[in-house]
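1. When you get a sec, could you give me coordinates for this:
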Amino acid sequence: MKKTILILAVFFCVFALFAADYEIDSLDMEVIVGKNAVNSVKESYVFNYGGPHHGFYRYIPKEYRTGDVQRNIRISNVRCSDPFDTDTEDGFLIMKIGSASETYTGRKSYTISYNYDIGADTNDGYDEFYFNLVGDGWEIPINKASFSVTVPCALSDAQIWVTYGRRGSTDQVPFSVKNNGSSITITGTVENIKAGEAVTIRVQLPDSWYEGARSAWDFRALFTYLGYIVSIICVALAALAWFFAGRDRVPIVTARFEAPDGLSPLPVGYVADGQVDDKDITSMIYYWADAGYLSIAEPKKNKFEFTKLKDLPKDTPAFERKLFDGLFKRGDVVSIKDLERSNFAEVVVRTKVSTGSYFKKERALEDSKSKALSALFFAVSIVPMILFILGTFLQEYSVQYGFFLSFPAVAFSLINNAIIRSVIRKWYVTKSKIASAVGCLIPSVVIVLILSSILAFVELQMNFSLLLFCVLCSTTTGFFSAIIVRRSEYGNKLLEQILGYREFIQKVTIDELKLMIKDNPDYYYKVLSYAIVLGLEDTWAKKFASITIPAPSWYVGDSLVDAYFFSHMSSRMNNSFRSTVLSTTGGGSHSIGGGGFGSSGFSGGGFGGGGGHAW
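-> Modelled structure (predicted):
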């Protein structure tokens, strides 16, 4: 065991020797602290290369964080005793010092100088100079580091701390202070600095000592003001657009005993709520069965088979014909499993699209100008949320968080307004208008809770009243964008017919039904498919609770049938379609660090520093 450990130790020592065939003999840091927070830095290195090297990389930090504030550093007037190139990456200025055409072995000296602008001090009650004289990013030890820091201010030793070690260390380094009258010079030396260790100086200065320091740009106040004003304008413009160009005539609903002229249940369901649901698809099975085009068998519960009895008429709309032909693609007798194998789901998707396409031109349900206005204000509805993001984050130290949080803010705003639009489309046929209205507010509440939580997590200040105001204005603008859409004369006529038929299904009396059944014993089945798309199949079945109806000729099964049986069978059939076939359509009906420092600061906690390596 001891022999194995010894071999491994030798291996790692040899690996380290070959991995870093150079060392830094000395580093001399000279810093002059500027009253304008622009510090003049000079770094003098002596490298000792054990093998040929072109030079070295120097990584100088361009970002610094104090608590929840991101400080952006500006580095200028960069010079070097040798040729160099610069690049910026991951918050560092990267200097590539040396030439690819030259190599050095042995001792080599370098001098780097630059201005390091840290910007205006953000501490309350005092200013400070807090700087990593040696950064913790060097991959090799530094044999000796000396420093000289000149501050144009008379200070006592008690206001100066120099720390050394791994990041977070508070081990103190001896230093000397020379009083130059109007300035002081702090000097010291640290030997045998290991890789990953830092030397940091902190000088506590009088409050407001820095003069003329670069202030971080901050447009939050401007965009907070604009957030309130522009959000109100968005709502006002949307309301005016609705008032002058989008107000709809309230449908005149008169009960009617017949389905809308020339429409099967599928397009009736589309006109009623603006979309094709899975139940609209399955309702066509009942419709075709009642019309004599197919029969339904249920040899086992929830195991359905469909038999084609004859073709649809030639004048049947193309989208209905394609749905019917797709149903019997594998033959005249098909089961649910057969439909899964024949990829009936794709037929359903195409039917949903082509049903909407059917209502174009002379059959258009909505006025084209009002639809364009609706699309415009749907886009405008996200403006208040964008203004909230700008009013919260548009400053130099936190703009990056605003960029990332703008995505969920805008996304939730669009989702919220899409839900409002869906509710408005279904308003006349929805079962619970109160529940629908409350449902519209849920995404708004979610937006407020999520954004509040994220901002609390990253410890950034938030104008909560601005958030509530912008969410409210976004929701209100989205509401107007939904109701701006005005129905065409044709669309209004169809909607009135559909609502009239719905009124009949809901309010027809038992006595009236008995008279209708006397004329047509299968009247229950004639209406059932339309009741399904209007969400009234249970209401329709309840009307026949005390009426005996004959079993339909198109159904084959062992169960005892009544009105409730076929009402419930529609749900079972829809579930069977959805779980087995329609599930493949893609839908149904469907640290930021905290911290600070102690009174003396800690090693590696200041501006500057960084590190480097040879190349």
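
2. quick one, phi/psi of residue 178?
-> Residue 178 adopts backbone torsions of phi -110, psi 120, taken as degrees, to the nearest 10.

3. Okay, and the nearest residue to it once chain neighbours are set aside sits in which element?
-> In this structure, residue 178 finds its nearest non-sequential neighbour in residue 185, 4.6 Å apart by C-beta to C-beta, 6 or more residues apart in numbering. No exception for glycine: its C-beta is placed from N, CA and C like everyone else's. Secondary structure assignment for residue 185, by DSSP states H and E: strand 184-193.

4. From the contact counts, what lies against that strand?
-> Counting by 3 or more C-beta pairs under 8 Å, 6 or more residues apart in numbering; DSSP states H and E, the packing neighbours recorded for strand 184-193 are strand 142-151, strand 160-165, strand 176-179, strand 198-205.

5. Which neighbours in the sheet does the third one have, and how are they oriented?
-> In this case it means strand 176-179. Take DSSP bridges as the rule and strand 176-179 pairs in its sheet with strand 184-193 (antiparallel).

6. in the strand it pairs with, what's buried?
-> 184, 186, 188, 190, 193 (16 or more other C-beta atoms under 10 Å).

7. Tell me what angle it forms with strand 198-205.
-> Comparing the axes of strand 184-193 and strand 198-205 via axes from the mean of the first three to the mean of the last three C-alpha atoms, to 10 degrees yields an angle of 160 degrees.

8. What's the mean pLDDT across strand 184-193?
-> For strand 184-193, the mean per-residue pLDDT is 90.

9. could I get it in CSV with only the CA atoms?
-> Taking C-alpha atoms only, strand 184-193 is exported to CSV below (Å, rounded to 0.1, in the frame of the first residue of the first chain):
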residue,chain,number,x,y,z
ILE,A,184,0.5,58.2,1.3
THR,A,185,2.3,55.2,-0.3
ILE,A,186,1.6,51.7,1.0
THR,A,187,4.3,49.1,0.4
GLY,A,188,4.9,45.5,1.3
THR,A,189,6.2,42.1,0.1
VAL,A,190,4.7,38.6,0.1
GLU,A,191,6.7,35.5,-0.7
ASN,A,192,5.8,32.1,-1.9
ILE,A,193,2.3,32.8,-3.2
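
10. So, low pLDDT: which residues of the chain?
-> 1-20, 65-70, 396-402, 431-433, 455-462, 559-560, 580-609 (pLDDT under 70).

11. By residue count, what's the longest helix in it?
-> Assignment by DSSP state H gives helix 399-425 as the longest helix of the chain.

12. Format the helices and strands packed on strand 184-193 as CSV; extra columns: distance to residue 562.
-> As requested, the helices and strands packed on strand 184-193 are exported to CSV (distance: least, C-beta to C-beta, whole Å):
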stretch, distance to residue 562
strand 142-151, 92
strand 160-165, 86
strand 176-179, 101
strand 198-205, 85
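
13. Now do the buried residues in stretch 427-444.
-> For stretch 427-444, a neighbour-count test (16+ other C-beta under 10 Å) marks 428-430, 436, 440, 443-444 as buried.

14. got it, and stretch 273-291?
-> Buried-residue list, stretch 273-291, by 16+ other C-beta under 10 Å: 273-291.

15. same deal with stretch 123-132?
-> Residues 127-132 are the ones in stretch 123-132 that count as buried (16+ other C-beta under 10 Å).

16. And it, end to end?
-> End-to-end distance of stretch 123-132 (C-alpha to C-alpha, to the nearest Å): 18 Å.

17. Could you work out which of the helices and strands packed on strand 184-193 reaches nearest to residue 563?
-> Set against residue 563 and scored by C-beta to C-beta, the helices and strands packed on strand 184-193 come closest in strand 198-205, at 83.1 Å.

18. Am I right that residue 528 sits in a helix?
-> Yes: counting by DSSP: H, G, I helix; E, B strand; the rest coil, residue 528 is located in a helix.

19. who touches it in this structure?
-> 286, 290, 537, 540, 566-567, 570 (C-beta atoms under 8 Å, 6 or more residues apart in numbering).

20. likewise residue 209?
-> 35, 121, 127, 153.

21. got those residues as TSV, with distance to residue 610 columns?
-> Formatted as TSV, the contacts of residue 209 follow (distance: C-beta to C-beta, whole Å):
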residue	distance to residue 610
35	25
121	21
127	23
153	26
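
22. Show me which of those is closest to residue 250.
-> Of the contacts of residue 209, the one sitting nearest to residue 250 (C-beta to C-beta) turns out to be residue 121, at 64.6 Å.

23. isn't there a helix covering the closest one?
-> No: looking at residue 121 with three-state DSSP, it is coil, so not inside a helix.

24. ok, and the closest non-adjacent residue to it?
-> residue 127 (4.3 Å).

25. All the helices of the stretch 501-615 of the chain, residue numbers only.
-> Applying DSSP state H, counting those that start in this stretch to the stretch 501-615 of the chain gives helices spanning 510-519, 523-533, 537-543, 563-580.

26. Indicate which one of the ones you listed is closest to residue 321.
-> Relative to residue 321, the nearest member of those by C-beta to C-beta is helix 523-533, separated by 17.1 Å.
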